[in-house]
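Engineer: This is the structure alone, sequence omitted:
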């Protein structure tokens, strides 16, 4: 089980260790099985310095679009892929966000014992329908008139939940943000949303 700990980090399965906010890339890699780690080259994403405006870089960071050279690796652990990110200007070398995404195979076998549960306070975020998760997460709110949106932020917990489309039954990606989120203060005071209305696709798509 991957256990998400607010403002602390992520506890790895089987007592493998704690991915603690504030770690360096090297310290994170030491806790991950080398044969499960994949390193990536820059492709579509822009680096912090390549964005003309900080607000666009901030939005890209929040959405996992920012290319961070030191954090350009992920790890697959039994049905989920973990991605990592540093903080904002002046804090890019310290872990500040962990993104966990269910693989396509895992999404089709949500109840399989081979799929690693992703838990917040013993709530398996990928193991139950999205609406049921929203109903029990502290601070999560959704419109009573319909299903939860494709993406939502739970500010109280430092979580962002998303899925490819609003009609998908389960959440497919969760991002846990740590105290390092405050390093984006040069842009705005936004927690899980850029208060300056940045757009991470600027310079990539248009």
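Structural biologist: Nice, I can see it. Just so we're clear, the structure is a prediction, and the values are computed from it rather than from any experiment. Residues are numbered from 1 along each chain as shown.

Engineer: contacts and neighbour counts: CA atoms only from here.
Structural biologist: OK.

Engineer: Show me the strands in the protein, by range?
Structural biologist: Taking DSSP state E, the strands of the chain run over residues 2-5, 9-11, 18-20, 37-39, 73-77, 80-85, 97-102, 118-120, 123-124, 151-154, 159-162, 173-177.

Engineer: Run through the neighbouring helices and strands of the fourth one.
Structural biologist: Contacting strand 37-39 under the criterion 3 or more Cα pairs under 8 Å, 6 or more residues apart in numbering; DSSP states H and E are the following elements: strand 73-77.

Engineer: And for the second one?
Structural biologist: Here strand 9-11 is seen to pack against strand 2-5, strand 18-20 when contacts are counted using 3+ Cα pairs under 8 Å, 6+ apart.

Engineer: Pairing partners for it, with directions?
Structural biologist: strand 2-5 (antiparallel), strand 18-20 (antiparallel) (DSSP bridges).

Engineer: what do you get for the last one?
Structural biologist: Within its sheet, and counting by DSSP bridges, strand 173-177 is paired with strand 97-102 (antiparallel), strand 159-162 (antiparallel).

Engineer: next one: the fifth one
Structural biologist: Taking DSSP bridges as the criterion, strand 73-77 pairs within the sheet with strand 37-39 (antiparallel), strand 80-85 (antiparallel).

Engineer: what sits up against the helix of greatest length in the chain?
Structural biologist: Ranked by number of residues, the top helix in the chain under DSSP state H is helix 54-62. Around helix 54-62, the neighbours that count as contacts under Cα atoms under 8 Å, 6 or more residues apart in numbering are 47-48, 51, 66, 85, 88, 184, 187-188, 192-194, 196-202.

Engineer: now the angle from that helix to strand 97-102?
Structural biologist: 50 degrees (axes from the mean of the first three to the mean of the last three Cα atoms, to 10 degrees).

Engineer: pLDDT on helix 54-62, on average?
Structural biologist: Helix 54-62 carries an average pLDDT of 97.

Engineer: same deal with stretch 155-166?
Structural biologist: Averaged across stretch 155-166, pLDDT comes to 90.

Engineer: which residues are contacting it?
Structural biologist: Contacts for stretch 155-166 (Cα under 8 Å, 6+ apart): 6-7, 138-139, 147-154, 170-178, 191-192.

Engineer: Filter these down to the buried ones, ChimeraX style.
Structural biologist: In ChimeraX, this line selects whichever of the contacts of stretch 155-166 come out buried by 16 or more other Cα atoms under 10 Å:
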select :6,7,148,149,150,151,152,153,154,170,171,172,173,174,175,176,177,178,191,192
